[in-house]
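Q: sequence and predicted structure are below.
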Amino acid sequence: MSIDVSDPGHGHSPAAWTAVTIMLLAFTIGTTAFFFELVWLVWASFALLIVGAIVGWVMAKAGYGVGELTAAPHGH
C-alpha cells in the first residue's frame with residue numbers, strides 16, 4: 001500500500017463499492033439459481049451483473065469515482 005498522497009487508490013470509491021456489491025449479489029444469486037436449476041434466474045442474475053457494471057460506470061461519470069471523488073476522503 002502506498003503512502004503517497006497523490007495515489008488515487010485501487011477502487012476505494014463509492015462507485016466501485018456499489019458496483020462490486022451489486023455484482024457480488026448477482027453472482028451469489030446466479031450461483032444459487034444454477035445449483036437449483038432455475039435457468040430464468042441464472043439469466044436474470046446475469047442481467048443484474050451487467051446492471052452493476054453500468055451503475056458503477058454511471059456513478060464514476062457522475063463524480064463518485066476515484067479520479068474525481070466528490071465524497072469526503074477519510075484519513076487512515
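A: Done, it's in. Numbers count the residues shown, from 1 in each chain.
Q: now the element after the helix or strand in which Ala26 is found, going C-ward?
A: Using DSSP states H and E, Ala26 sits in helix 14-35. Once the chain leaves helix 14-35, the next helix or strand it forms, by DSSP H and E, is helix 39-59.
Q: which other helices and strands does that next one contact?
A: Secondary-structure packing of helix 39-59 (3 or more CB pairs under 8 Å, 6 or more residues apart in numbering; DSSP states H and E): helix 14-35. C-beta coordinates here come from the backbone N, C-alpha and C atoms, glycine included.
Q: the helix it packs on to helix 39-59, inter-axis angle?
A: 170 degrees (axes from the mean of the first three to the mean of the last three CA atoms, to 10 degrees).
Q: list the contacts of helix 14-35.
A: Helix 14-35 is contacted from outside by 11, 39, 41-42, 44-46, 48-49, 51-53, 55-57, 59-60, 62, 64-66, 69, 71, using CB atoms under 8 Å, 6 or more residues apart in numbering.
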